[in-house]
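**Student:** Provided below for reference: sequence and predicted model.
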Amino acid sequence: MTAPPHSILGTDQLTVLEIESILKLARRMDPKRPSQLLRGKRVVLLFYEPSTRTRTSFEFAAKALGATTTLITATSSSIEKGESLIDTGWTVTSLGADVIVMRHPNSGAPYLLSRFVPVPIVNAGDGLHQHPSQALLDALTITNHKKKLQGLRVVIVGDVFHSRVARSNALLLSKFGAEVTFCGPPDLVPDLAATIAAGVFVCHDLDAALRGADVVMSLRIQKERLAGRAIGLEDYIADFQITPQRMKLAKPDAIVMHPGPIVRGLELANEVADGPQSRVHEQVANGVKTRMAILATVLKGTR
Amino acid sequence: MSAKSRTLLLTGGRVIDPSSGIDRDMDVLLQNGRVAELAAPGVLKASSRETLNARGCIVAPGFIDLHVHLREPGHSHKETIETGTVAAAAGGFSAVCSMPNTSPVNDLVEITRWTQHPERGAAVRLFPIAAATIGSMGEKLSDFAALQKAGAVAVSDDGKPILDDTMMRDALTLAARLKLPVVQHAEDTRRTAGCSMNLGPTSFRLGLRGMPNAAESDIVRRDIALARETGAHIHVAHISTAEAMEAVRQAKRAGIRATAEVTPHHFTLIDENVGEFDTHYKMNPPLRSAADRDAMIAGIFDGTIDAIATDHAPHAFHEKQVEFERSAFGITGLETALPIAVTVLHHHFELPLWRIVELLSSGPARVFGLEGLGTLAPGAHGDVTIFDPKKKWTFYAAESRSKSRNTPYDGWSFTGKIVATIVAGNVVYAS
């Protein structure tokens, strides 16, 4: 066996230096100026769950670096015939994959695969657990507007319990000394959430959470997740929608972010989503750059 | 395992027999499958061929495991009665009680008898636990009396707890009349759907749905209330939460017939050990918090716990090495129970060895009323476990006698090792 591959599975497993190096590389990446850095490399996009944004983002990123991509989805492959994850991983590796970018509905699935196959795994979202490339692109977006992450007050609002974006972001940001506050109703933001890392807090009052915030991250609310819960849709909007009025509580130069897709009129008021503080489109653009940096890092072993 | 007219003299060991209050150096003579005599060292004589030197070792009544899954009939790719009992022998168990969640479920006299048939090749004594309800579906009681007559020592719907109050009351009422223990896997499955580990910081960090303590303790409290009402004996399988432990403690104080077993993993490991989705730490009940683990130790010390049971649950590689949430619950445990008990409870927490022996022999024998077992009193069955409490060794899953390898203890170093297991005067395992 050669040295173990450099997988990117979760932000908790990356060091501050590794994260900084990926962000530095991402800033230099330009999707519009194709390079041949990864020419001849085969990127397999193994998607067990539907995804448009992340999948396309990785695909563009790979192609901008000269790599070829193959998409394998659960419904159009032997996965549907009952092949196990480990067997699928071996098959893909034997076919010549150089890296597997993986999206899976079960938390931890990429960790399992990484223990059995000899190529790096990039976690493109696993269950409720992590979405490290999203947290890295979010960090890139934040650092484009704020001098440093240390000391920033970041509020993450919404369905934290079901959010891999929330977990990855909290673990990454707290590593740099940012203060992260999870905000939402107790059903969706359990007090337990504060145990994820030092410097992470839980607040069930949006106004209090927003006061003095530098960064406001809104998460998607799935209406079906509110069904049968203590809090109804109307109550949620009244208590937790991010509105222009509420944004006045944050710092004047605060930025608003959202991993998408946005459910307009639910978690975000239109005026905020499209307002001057919104960095939503920039996030998407940064997604391609960040994923270029991620692929370059895992395939070049420069981590 | 027929009693042979063989003589076996166990010399030089330290006999610990909690049922007789013995803890001193003695020789033990086994004859015709029974315990014949205990005497001061050197008094009894036998030929060298008939002598087993137990110097430096503890000579204890044969260990009894109240909770194992031997997977036959139906799941012989995981384990068979033969391979499971060979593993039991290697773990010092001269008797095991097998759970009925096989395929088909053991809810019939025919199946109960089939598991005990000599053709199954059991290496140690096997006592079946029959299903409490038909198919363990929780709808209709099985024929307790007939199953008891066929050899069942208890009834249980292990893994599919009886949630309906009326059904549980009916089961306990019938069991009380027959003096048959009812074993409950206490889990309110209405509150654990989709859960794959304990509810706590680790489950939140990993994005896994967690089982709350109350899903166990509320059922334990309900069962205790019903046991008081019916006069039946409720046995709490694999207890795992501080709240359930307290409920059993109070029940015992109140004179209610409630007993409890704890697994080695629940008094050793905690939910954090799941690490990065290691399915060898996935079992049900799940590994709990450090506070719950400490409560298990406290229950062992203060007598709330009656027995150490393994919940030996073998699974094949392809059932275990899959996505955490899809992975089967359970780990093997027969060969690591004594080493863990001695290492953790005796060497670390300084629990006296006699209490460990009690929890593995006379304790479980009393829970299921197994006559002549769990004791070295003259006339008792000649079942003996000999172990070296100071022997340091390393356990490797690849060397396990079980058909399966799903253990978290691969490569763990232990102090305390089984030296020999004797069933009815016959050595069924010797290291």
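**Tutor:** Right, received. Where do you want to start? Residues are numbered from 1 along each chain as shown, chains lettered A, B, ... in the order given.
**Student:** tell me the centre residue of chain B?
**Tutor:** B:Ala309 (2.3 Å; Cα atoms, centre = their mean).
**Student:** er, chain A I mean
**Tutor:** A:Gln134 (2.3 Å).
**Student:** From B:Asn426, how far off is that residue?
**Tutor:** Per Cβ to Cβ, to the nearest Å, A:Gln134 is found 64 Å from B:Asn426. C-beta here means a position set from N, CA and C on the backbone, and glycine is covered the same way.
**Student:** So in chain A, where's the weakest helix or strand by average pLDDT?
**Tutor:** When each helix and strand of chain A is scored by mean pLDDT, DSSP states H and E, helix A:223-226 comes last, with a mean of 72.
**Student:** and stretch A:118-130, how far apart are its ends?
**Tutor:** The stretch stretch A:118-130 measures 22 Å between its terminal residues, going by Cα to Cα, to the nearest Å.
**Student:** pLDDT averaged over it - what is it?
**Tutor:** Averaged over stretch A:118-130, pLDDT sits at 97.
**Student:** which ones are touching the residue in the stretch 201-303 of chain A that chain B sits nearest to?
**Tutor:** The stretch 201-303 of chain A approaches chain B most closely through A:Val202 (10.9 Å), counting by Cβ to the nearest Cβ. Shown in contact with A:Val202 (Cβ atoms under 8 Å, 6 or more residues apart in numbering or on different chains): A:181-183, A:189-191, A:193-194.
**Student:** For B:Arg177, grab the count of nearby residues.
**Tutor:** 13 (other Cβ atoms under 10 Å in any protein chain shown).
**Student:** just the one 5 residues further on next, same as before
**Tutor:** Other residues near B:Val182 come to 25 when the count uses other Cβ under 10 Å.
**Student:** Can you point out the buried residues in whatever helix or strand the residue of the stretch 201-303 of chain A closest to chain B lives in?
**Tutor:** Per DSSP states H and E, A:Val202 falls inside strand A:200-203. By neighbour count on 16 or more other Cβ atoms under 10 Å in any protein chain shown, the buried set for strand A:200-203 is A:200, A:202-203.
**Student:** what's the single longest helix in the chain?
**Tutor:** Chain wasn't specified; assuming chain A. Ranked by residue count, the top helix of chain A under DSSP state H comes out as helix A:280-300.
**Student:** if you could check chain B rather than the one you did, that'd help
**Tutor:** Max-length helix for chain B by DSSP H is helix B:214-230.
**Student:** Average pLDDT for it, rounded please.
**Tutor:** For helix B:214-230, the mean confidence score works out to 98.
**Student:** from what I can see A:Gly66 touches A:Arg33, true?
**Tutor:** No - applying Cβ atoms under 8 Å as the test, A:Gly66 and A:Arg33 come out as separate, 11.8 Å apart.
**Student:** So between those two, which is more surrounded?
**Tutor:** Ranked by neighbour count (other Cβ under 10 Å), A:Gly66 and A:Arg33 place A:Gly66 first, with 14 against 7.
**Student:** what residues are up against that one?
**Tutor:** Residues in contact with A:Gly66 (Cβ under 8 Å, 6+ apart) are A:34-41.
**Student:** give me that answer again for 7 Å
**Tutor:** Counting by Cβ atoms under 7 Å, 6 or more residues apart in numbering or on different chains, A:Gly66 makes contact with A:34-39.
**Student:** Likewise for B:Thr241?
**Tutor:** B:213, B:216-217, B:288, B:292.
**Student:** State the number of residues packed around the nearest residue to it once chain neighbours are set aside.
**Tutor:** Excluding its sequence neighbours, the residue lying closest to B:Thr241 (Cβ to Cβ, 6 or more residues apart in numbering or on different chains) is B:Asn213, at 4.2 Å. When neighbours are counted by other Cβ under 10 Å, B:Asn213 registers 21.
**Student:** Next, work out how far apart B:Asn213 and B:Asp271 are.
**Tutor:** Distance, B:Asn213 to B:Asp271, using Cβ to Cβ: 11 Å.
**Student:** picking up where we left off before, kindly reformat the buried residues of strand A:200-203 as TSV containing pLDDT and distance to A:Thr290.
**Tutor:** Putting the buried residues of strand A:200-203 into TSV (pLDDT from 0 to 100; distance: Cβ to Cβ, whole Å) gives the following:
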residue	pLDDT	distance to A:Thr290
A:Val200	98	23
A:Val202	98	28
A:Cys203	98	29
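**Student:** ok, back up a step: tell me the most packed of the contacts of B:Thr241, by neighbour count.
**Tutor:** B:Glu216 (29 neighbours).
**Student:** show me where the stretch 1-150 of chain A has strands.
**Tutor:** With DSSP state E, counting those that start in this stretch as the criterion, the stretch 1-150 of chain A has strands at A:42-47, A:68-73, A:99-104, A:121-126.
**Student:** helices and strands around the last one, which ones?
**Tutor:** Yep, that's strand A:121-126 we're talking about. In terms of contacts (3 or more Cβ pairs under 7 Å, 6 or more residues apart in numbering or on different chains; DSSP states H and E), strand A:121-126 is packed against helix A:53-64, strand A:99-104, helix A:109-116, helix A:132-145.
**Student:** if you compare the ones you listed, which one is most tucked away?
**Tutor:** For the helices and strands packed on strand A:121-126, the largest average neighbour count (mean count of other Cβ atoms under 10 Å in any protein chain shown) is found in strand A:99-104, namely a mean of 26.
**Student:** what inclination does it have with respect to strand A:42-47?
**Tutor:** Angle, strand A:99-104 to strand A:42-47, by axes from the mean of the first three to the mean of the last three Cα atoms, to 10 degrees: 10 degrees.
**Student:** which helices and strands sit right next to strand A:99-104?
**Tutor:** Checked by 3+ Cβ pairs under 7 Å, 6+ apart, strand A:99-104 has strand A:42-47, helix A:109-116, strand A:121-126, helix A:280-300 packed alongside it.
**Student:** Most tightly packed of the ones you listed?
**Tutor:** strand A:121-126 (a mean of 28).
**Student:** List the contacts of that strand.
**Tutor:** The contact list for strand A:121-126 (Cβ under 7 Å, 6+ apart) reads A:7-10, A:54, A:58, A:99-104, A:106-110, A:113-114, A:130-133, A:164, A:294, A:298.
**Student:** next one: that strand to chain centre, how far?
**Tutor:** 10 Å (Cα atoms, centre = their mean, to the nearest Å).
**Student:** circling back: how about the longest helix of chain B, does it get close to chain A?
**Tutor:** No - figure legend: helix B:214-230 not in contact with chain A (Cβ under 7 Å from any Cβ of the partner chain); closest approach 14.8 Å.
**Student:** And the longest helix of chain A, what does it pack against?
**Tutor:** Helices and strands touching helix A:280-300, by 3+ Cβ pairs under 7 Å, 6+ apart, are helix A:16-28, helix A:53-64, strand A:99-104, helix A:132-145.
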